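# What follows is a predicted protein model with its sequence.
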Amino acid sequence: MTTAAPAKTKYEAVIGLETHCQLCTETKIFSPASTAFGADPNTYIDPIVLGMPGVLPVLNQRVLEYAVKAGLALNCQIAPYSKFDRKQYFYPDLPKNYQISQYDLPIAEHGWLEIELIDKKTKAATRKRIGITRLHMEEDAGKLVHGGSASGIARNETRIDGSTHSLVDYNRAGVPLIEIVSEPDIRTGQEAAEYAQELRRIVRYLGVSDGNMQEGSLRCDVNISVRPVGQAEFGTKVEIKNMNSFSAIQKAIEYEIERQVKANEAGETIVQETRLWDESSQRTKSMRVKEGSSDYRYFPEPDLPPIVVSVEQKESWLADLPELPAQKRTRYETDFGLSPYDARVLSDERAITEYFEATVAAGADPKLTSNWITQDIAAYLNTERLSIDALPLTPVALAELVQLIEAGTISNKIGKDLLPELLTQGGSPKALVEERGLSQISDPAEIEAMIDEVLAAHPEELAAYRGGKKKLQGFFVGQLMKQSGGRVDPKLSNQLLSQKLNQ
């Protein structure tokens, strides 16, 4: 579906995201049960997770540390005093029939995150700041698996009477979460997708979460309404769930904007409801209607003491923060002269930035290094589905390759010819060049002799060139490269070849 041009100027969308992010601690938020992903159903549980009588929760210290670090990275104010609350939430995947969360005194509030939007054609960047309302800690619920699912749980369940059923896996129950609520500052699907991506970059840089959407480690719910341009009041809010990729977030929002605009123009009433994104049909579908806000009957969690974060502790965690993605992008553009697009690619994953910076530290030119990483190496990693830190080609070896080309010892073509072997086997580019005699030929007399041989071997093409078919120069360049094994100095050989052809 494509939004009609008039609607774009008449209406605007108001969008906010609620993001649940699983923290990568070894144990759960209030119990010593494991948080590992992918185990058999109901194996990582204990009496605390199941809410058995007489058990008491104990806050995992690492959860508090990760939550505060995430809040600091999002420019939030860290509460010196906060507390946990019971959220009454009666559902089969919550064995206690309540969730321990934070309500009126969250651990972090009033932050912001800067997103960067790259124009696909010009590669230019525009920046926008999105407000963060709050960040709080809570426990995750379990996972329901309904009859007909292809999961292992459902496959192991045999029903001879054909009845429908739902099963529950409590492995995820009690896994620590931070919920991050944005201000309604987002206006387009592209902005929302970029906000979610930047949030994932940050938690990955911090090492507090793997941010894997396909495993449910990062889950985003979208609240969206439309209103006439210039109107201060919000429209009726619709919530969208079930988006498991950044592209799905963008597509779901774009679809929903068009749906709500069309309804407004037709005089139809927008219903406050929860909708699901259907990937197969590329549309949102109604899940349930909300007649009002839910009453979760919060009250302070009686089994957990208040949380106090001292100034000294906060400063200590602040000092632990790494350079974050936005800071790296700015530095790469300012210090290295990289384009916003290349700076974005290099800073997308912390492992890539570390590889890039280690290569530059070994003496390689930043721009040339960026070209190799964002083009040839990135293509190889995508094809082989590898991470850059698994490459046999070390940053030191890549720096050596870049320096050989920059010094004119080998041509760029020879470098590209060597790259596949270096990517799969590693080793020293310099040693390979010396061993195989691949040094670039820069002696004018030697190059002229090769040109003479090429011209003598192709008299018809030479006559055609001198008869006006100037495009044949590319043919002679190719023959010269073939004759030399790609070793001739490209700039010098082109100059000498042009002189010979035009004699």
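Right, received. Where do you want to start? Values in this document were obtained by computation on a predicted structure and should not be read as measured data.

# going forward, measure contacts between C-alpha atoms and count neighbours the same way
OK.

# helices or strands up against the longest strand that the chain contains?
As far as residue count goes, and with DSSP state E defining each element, the longest strand of the chain is strand 125-139. Under the contact criterion of 3 or more Cα pairs under 8 Å, 6 or more residues apart in numbering; DSSP states H and E, strand 125-139 touches helix 61-73, strand 98-101, strand 108-118, strand 176-182.

# Go through the ones you listed and name the closest to residue 339.
Residue 339 sits nearest to strand 108-118 of all the helices and strands packed on strand 125-139, at 10.5 Å, using Cα to Cα.

# Specify the residue ranges that define each domain of the protein.
Domains of the chain are assigned by automatic domain parsing as 5-294, 323-436, 444-501.

# Need these in JSON lines (columns: mean neighbour count).
Supplementary listing: the domains of the chain in JSON lines, determined by neighbours: other Cα atoms under 10 Å:
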{"stretch": "domain 5-294", "mean neighbour count": "18"}
{"stretch": "domain 323-436", "mean neighbour count": "17"}
{"stretch": "domain 444-501", "mean neighbour count": "15"}
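
# Next SSE downstream of the helix or strand hosting residue 396?
Residue 396 belongs to helix 395-406 when assigned by DSSP states H and E. Using DSSP H and E, the helix or strand that directly follows helix 395-406 along the chain is helix 412-425.

# between that following helix and helix 395-406, how many degrees?
On the basis of axes from the mean of the first three to the mean of the last three Cα atoms, to 10 degrees, helix 412-425 is oriented at 170 degrees to helix 395-406.

# Tell me the helices and strands packed up against helix 412-425.
Packing partners of helix 412-425 (3+ Cα pairs under 8 Å, 6+ apart): helix 395-406.

# Pull the distance from the helix it packs on to the chain's centre.
Relative to the mean C-alpha coordinate of its chain, helix 395-406 is positioned 28 Å out (Cα atoms, centre = their mean, to the nearest Å).

# Output the contacting helices and strands for that helix.
Packing partners of helix 395-406 (3+ Cα pairs under 8 Å, 6+ apart): helix 350-361, helix 366-371, helix 412-425, helix 429-436.

# Name the surrounding residues that touch stretch 248-267.
1-3, 7, 11, 13, 188-190, 192-193, 224-226, 240, 243, 269-270, 277, 279, 282-284 (Cα atoms under 8 Å, 6 or more residues apart in numbering).

# OK, contacts around residue 476?
Contacts of residue 476 by Cα under 8 Å, 6+ apart are 454-455.

# sec struct for it, please.
helix (DSSP: H, G, I helix; E, B strand; the rest coil).

# For the closest residue to residue 423 other than its chain neighbours, give me its contacts.
Of all residues not flanking residue 423 in the chain, residue 393 sits nearest, at 5.1 Å (Cα to Cα, 6 or more residues apart in numbering). Residues in contact with residue 393 (Cα under 8 Å, 6+ apart) are 422-427.

# In CSV: the residues you listed, plus pLDDT.
CSV is the format used below for the contacts of residue 393 (pLDDT from 0 to 100):
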residue, pLDDT
422, 95
423, 95
424, 94
425, 94
426, 93
427, 92
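
# Kindly provide the whole-number mean pLDDT of stretch 41-56.
Averaged across stretch 41-56, the pLDDT comes to 93.

# brain fart, stretch 105-118
95.

# for the host helix or strand of residue 220, packing partners?
Using DSSP H and E, the element containing residue 220 is strand 218-228. Judged by 3+ Cα pairs under 8 Å, 6+ apart, strand 218-228 is in contact with strand 11-22, strand 238-241, helix 246-265.

# Let's see which of the contacts of stretch 248-267 end up in helices.
7, 189-190, 192-193 (DSSP state H).

# any idea which of these is the one closest to residue 124?
residue 190 (15.2 Å).

# Which pLDDT does the model give the closest residue in space to the closest one that isn't next to it in sequence?
Spatial nearest neighbour of residue 190, excluding adjacent residues (Cα to Cα, 6+ apart): residue 250 at 5.7 Å. Note on residue 250: pLDDT of 95.

# Quick check: residue 250 vs residue 131, distance?
Going from residue 250 to residue 131 by Cα to Cα, to the nearest Å gives 19 Å.

# ditto for residue 62
Between residue 62 and residue 131 the computed distance is 26 Å (Cα to Cα).
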